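> Let me see the structure of the following:
(2 chains)
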Amino acid sequence: MIGSHYPILQVVVPLVAAPLCSLLPKSKLPWLFATVISWLTFAISLALLVQVKNSGALIYELGDWPAPWGIQYYIDTIGAFVLVLVSLIASITLLASRELIEKEIAQEKHALFYTAFLLCYTGLLGIVATGDAFNVFVFLEISSISSYALIAMGENRKALTASYEYLIMGTIGATFILIGIGLLYMQTGTLNMLDLKQRIHEVDGFRSVHAAFAFFTVGICLKLALFPLHHWLPNAYAYAPSAVSIFLAATATKVALYLLYRVFYTIFGFEFSFDTLHLGYILLPLSIIAMVISSFTAIFQLGVKRLLAYSSLGQIGYMTLGIALETKAGLIASIIHLFNHAFIKGALFMCMACLLSRLHSTRITDLAGAAQHMPWTCAAFVTAGLALIGVPLTSGFISKWYLVLAILEKDWWWLAVIVLFTSLLSVVYIWRVIEQMYLREANSHSANIKEASPILLICTWLMVIMTIYFGIDNSYPVNMATHAAEALLK
Amino acid sequence: MISEANHDLQMAIYASMLVPIAGALLIFLCARFRGLIELVFVGTALCLLGVTISIVNLGADIFHQSISLINIIGSIPIAFHVEPLGILFACVASGLWLITTIYAIGYMNANKEKHLARFYMCFCLAMAAVMGIAYSANLLTLFIFYEILTLSTYPLVAHKGTESAKQGARTYLGILISTSIGFLLIAIIWTWFSVGTLDFSVGGIVEDKLPNNLLMLLFALYAFGIGKAALMPFHRWLPSAMVAPTPVSALLHAVAVVKAGVFCVLKITVYIFGIDLLDTTGANSPIIWVATATMLLASLVALQQNNLKARLAYSTISQLAYIVLGAALATSTSIMGSSLHLATHAVGKITLFFCAGAIYTATKKTLVSELNGLGRIMPFTFTAYTIAAISIIGLPPLAGSWSKWFLVDGAITADRLIIAIAFLVSTLLNIMYLLPIAINGFMSKPAYHSGTIQEAPFAIVMPSCITAGLCLALFFLLSYVYDFLLLLPLR
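Have a look, this model is predicted:
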C-alpha cells in the first residue's frame, strides 16, 4: 500500500523534484511544478496526520533495514503537526510567489530559485520526519545551505552580507549539533533517536554526555535565533526576497523549535534535561530578555520587514518561555504559539509582499496613506497585527491565554506581568505602521497605485482567516498540542 | 430543547448585535451615496431601539438564561444573557444612539467633515460592541466586546487625521489597551485559575476562593483594568478623546464607552464578587477611597479648564467616579444609586455635549471664556444646557436628583459619613464649574460683535432639546426604572 510509504514520500518527493525543477525551461513551468509538488506534499502530510491520529506514532524503516543499522523515520503527533504546518505554509507561499519572483529575481535564475526553495523545504520536512540523529544533521544542512542561497537572491546588495552572516552563524550552529551527535554516538553507539532515548540513562553521568547536551543547546538556539544568538535573523528576513521572508519567518524557526522539543524531550528526556541539567535555568532568563529587548528594538525600526523580524525574535521568546516553565501546561502553550505564530507572521510578511509589489518599499515612511489605495492589504495587516498583539477572537489571544495560565500555575506573578507588558510593546510597534497606513496622507507620486494582485490577496487572506478561525474555534490546535505534549513528556 | 421564550430571546440578542453590524456593512457598500448612508445610519439606530424594546418586553422570566454561541477556550463559551443591569444599559445606549444619529448627521454636514462612510461605519460597530458588553454572560465575552469597543472607536477619535487628533487617539488607545491587557486580562485569567468559572452568577463566584488581601488586589485589578471607567490615575484618555468630533464625544465618551466601563464595574461587583462578600471582607475599601479622590480631584481640575469639551470631560470623570463609588460601597441602596446614575448622567451629559457641539457649529468657539452673552443669541441651546447642568448637579425637578439621593443614602447606609460629605462637596463643585457657563451666557453682554452668529441648524438643536426634555421627564418617570431595577438579584 502506498499509504505505508507516506513518511518517506513526504521527504523524497520534494527532494527528487528539486533537481528536476532546475532542468525545466525558462518559463512559468518551474513555478507551476514547484507549486504542484508542494500541494502534493501537503496532501501527504495531511494523510500522515490522519494516520498518526488513528494508529499512533509511525515508524518507517528505510529499505526495510531494522533499526540500529538502518535509518528510521519516526512521526508522532508533534511531528505530523509541524509537517502539516510547514507544508501548508510552503504551498501558500509558492502559490503567491510567481508574481513576487518575477519582479524581484532575474528571469534566468527562476528555475534555480524554485530548486533552492524545494531543497530548503525538503530539509525542513526531513528534520521533522526523521528519527535518526545524524539524518537530522544532514537535513539541517540541506535546508540551511539552500536558505543561504535563497536569501542571497534578494534585490538589495545587503542581502549578500545578510546571507553571509547567516552562513557563518548557521554553520557554527550546525557544527555544534554535529559535535553533539558525535559525542552521543561515541557514548551510546547508536544514532536512532528511540534507541538513544533508552540508552542515554546508562551513560547520563558521563562528562561527554553533558558536553553533548551543551553543544546541542547552543547549536539549536543558534538556529532558533534565541537571544543572544539572534543576530543573523533580522537582516536575513529583511533583505531576503519577499517569498523567502514569508516562508522562513513562518517555518524555519518553528522547525528549530521542533528540533529542540525532539532533542531535549525525546532524546535526553525531560528529567535529564530539566531536573539534572536545568535547561530551564538557561531558557528562562534568555526568553525574558528576548521578549523584552526584541520588542523594544522593534519599536525603533525604520523598515517594516526588520520590525517584523525583531517581533519574531520576541515571539520566539514566548515559545521558549513555555518550555522554560518545565510544566506540561507550559509545553502546551509553547506548541500552541508555535502553530498560531506561524500563520500570524506568515500573514504579516505576506502583507509586506503585497505592499512591496506595488510601493516597491516597505520603509515605514513610504507606507503613508497606503490604505487609500490598498484597502484589502492594509486591512489584512491590521487583522494580523491585532493577532500578534493578542486581541481576543484572534489566535494570538489563545496563545497568550494558555501561556499566562501556565505561568499562573507556577505562581510566577511577575512573569505574567512581563508577558503582558511585552504585548503592550507589540501594540506600539504595530500601531506605528497602522497609523502610517491609515492616517497619513498618501505621497503625491503614489496616486495611481493599485491594490495588490488577486492571487496575492487571496493567499494573504487565507492566512488571515486562519488566524481568525483558530482564534474562535481553537479546539483542534489545543487538542493536538495537548496530545503532543503528553507524548513528548512520556 | 428550546422553549419559545428562549428562542425569542436568542433571536433578539443576536439581532441586537447583528443589526448594527449589518448597518455597518450596508454603509460600507453604499459609501458613495451620501444620502443613502445617512438613511441607513438612522434606520439602523431605529431597528436597534426596536430590538432592545422587544427584549424588555420579554419580561423577567428570561433573566439569567445563558445562550452560548461557541466555546472559545476550553470550556469557556462566548455566551449572552439578559439581566436588569444589562437591559438598563442597552436601553440607555440604544435610545440615546437614535437621537445621536440625527445630531451626528446634522453636525457632520454643518462642519463639512470628511470620510463620512468610515465614520458612520465605526459608529455602528461600536454600538454592536456596546450591545455585546450589555448582554455578556461571562467575563471572557465581556472582555472580547470591551476590546472591540476600544478598537472600533479608535478611528472615530483619530477622525480628523491632524497631528493633535492622532496624538489624542494614541493616548486613548494606549491607556485603554494597556489597562485592559495589563490589569483586566490578568484579573480574568486569575479568576479563571482560582475559581474555575467566569460566569456572571447571582451572589458572586469568588467567595471562599481567595484570602481577603488577594480579594482586595483582585477587585483593584478589575477596577483599574476597566480603564473605560476612568478611575484616576488612568483617566487621561478621556480628555484626550475630546479631539473627536462632538457626536463621538457625546454618545461614546459621555454615554456608551464610559458607561460600558462603569457598567462592567457594576456587573463585576454584583455578579463576580457579590456585594455581601465585598462588604464583609472590606476588599472594597481601597477602591472606595480612589473613587472618592477621583470624584473630587476631577471636579477641581474641571474648574480650571477653559476648553468647554475638556471641562465636560473632567466632569464626566468625576461623575463616573460616583458610579464606581456606588458600586464599591456595595450596599443595595448604593448599587441602586449607581444604576440610576448610569441612566440619568447619560441623559444629562449627552445634552451638555450636544450643546457644546451646537455652540461650536454655530460660532466655532470652544473656550468657556468666549461664551459670554451667547445665551441670548442661542436661546434653545443654552436653555437645554442649563436644564442638563442642573440635572447633573442633582437638583429637583430633574432626573439627576434621584440618583444622587440614592448614592448619598447608600453612603450613609454603609456607615461612611465622610463619603456622604464628599458627595455633597462634589455637588458644590459641580455647581461651580457647570452653572457659570449658563449664567454668563444669559446674563453677560457679548464681549465683541456677534452679529452674524445665529442658532445652530435644526438637526443639531432638536436632539439637545429632546434630551433636555428627557432630563425633566425622567424625574417623574424614574420610578419605572426603579421598579425594574428592584428585580436585580443582589444576593
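> Flag every buried residue along the host helix or strand of B:Thr191.
Of the helices and strands defined by DSSP states H and E, B:Thr191 is found in helix B:185-195. Residues of helix B:185-195 classed as buried: B:Leu185, B:Ile186, B:Ala187, B:Ile188, B:Ile189, B:Trp190, B:Thr191, B:Trp192, B:Val195 (neighbour count, 16 or more other C-beta atoms under 10 Å in any protein chain shown). The way it works is simple: take the backbone N, C-alpha and C, and place the C-beta from them, glycine included.
> distance between stretch A:136-144 and the chain's centre?
From the chain centre to the centre of stretch A:136-144 is a distance of 15 Å (C-alpha atoms, centre = their mean, to the nearest Å).
> Now do that stretch, average pLDDT.
Mean pLDDT, computed over stretch A:136-144, is 93.
> orientation of the helix or strand just after the helix holding B:Thr191 relative to helix B:185-195 in degrees?
Counting by DSSP H and E, the element after helix B:185-195 in chain order, helix or strand, is helix B:212-225. Inter-element angle recorded for helix B:212-225 and helix B:185-195: 150 degrees (by axes from the mean of the first three to the mean of the last three C-alpha atoms, to 10 degrees).
> Give me the helices and strands touching helix B:212-225, please.
helix B:185-195, helix B:257-268, helix B:275-281, helix B:285-304 (3 or more C-beta pairs under 8 Å, 6 or more residues apart in numbering or on different chains; DSSP states H and E).
> Correct me if wrong: A:Ile44 contacts A:Gln10.
Yes. Assessed by C-beta atoms under 8 Å, A:Ile44 is found in contact with A:Gln10 at 5.0 Å.
> Those two: which is more packed in?
A:Gln10 (28 against 24; other C-beta atoms under 10 Å in any protein chain shown).
> so A:Thr130 bridges to which residues?
A:Tyr73 (DSSP bridges).
> how deep is residue 221 tucked in, by neighbour count?
Since no chain was named, I'll use chain A. By other C-beta under 10 Å, the residues close to A:Cys221 number 23.
> let's do chain B instead
B:Leu221, neighbours per other C-beta under 10 Å, totals 20.
> any idea how far the closest residue in space to it that isn't next to it in sequence lies from B:Ser194?
Nearest residue to B:Leu221, sequence neighbours excluded (C-beta to C-beta, 6 or more residues apart in numbering or on different chains): B:Ala187, at 3.9 Å. Distance of B:Ala187 to B:Ser194, given as C-beta to C-beta, to the nearest Å: 11 Å.
> coming back round to it: convert the C-alpha atoms of the helix holding B:Thr191 to CSV, please.
Extracted in CSV, the C-alpha atoms of helix B:185-195 (Å, rounded to 0.1, in the frame of the first residue of the first chain):
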residue,chain,number,x,y,z
LEU,B,185,-6.9,40.3,31.4
ILE,B,186,-4.7,39.3,34.3
ALA,B,187,-7.6,39.6,36.7
ILE,B,188,-9.8,37.5,34.4
ILE,B,189,-7.2,34.8,33.9
TRP,B,190,-6.6,34.8,37.7
THR,B,191,-10.3,34.4,38.3
TRP,B,192,-10.4,31.5,35.9
PHE,B,193,-7.4,30.0,37.5
SER,B,194,-8.6,30.2,41.1
VAL,B,195,-12.4,29.8,40.6
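> got the angle for that helix vs helix B:257-268?
Here the directions of helix B:185-195 and helix B:257-268 differ by 20 degrees (the same axes, to 10 degrees).
> So what touches helix B:185-195?
Contact with helix B:185-195 is made by A:400-401, A:404-405, A:408-409, A:416-417, A:420, B:76, B:139-140, B:143, B:198, B:205-206, B:209-210, B:218, B:221-222, B:225, B:272, as judged by C-beta atoms under 8 Å, 6 or more residues apart in numbering or on different chains.
> Mark which of those residues are buried, thanks.
Counted by 16+ other C-beta under 10 Å, these give A:400-401, A:404-405, A:408, A:416, A:420, B:76, B:139-140, B:143, B:198, B:205-206, B:210, B:218, B:221-222, B:225, B:272 as buried.
> roughly how far out does whichever helix or strand A:Ile142 is part of sit from the chain middle?
According to DSSP H and E, A:Ile142 maps onto helix A:133-152. Centroid separation for helix A:133-152 versus its chain: 14 Å, with C-alpha atoms, centre = their mean.
> Beyond it, next helix or strand please.
Defined by DSSP H and E, the subsequent element after helix A:133-152 is helix A:158-188.
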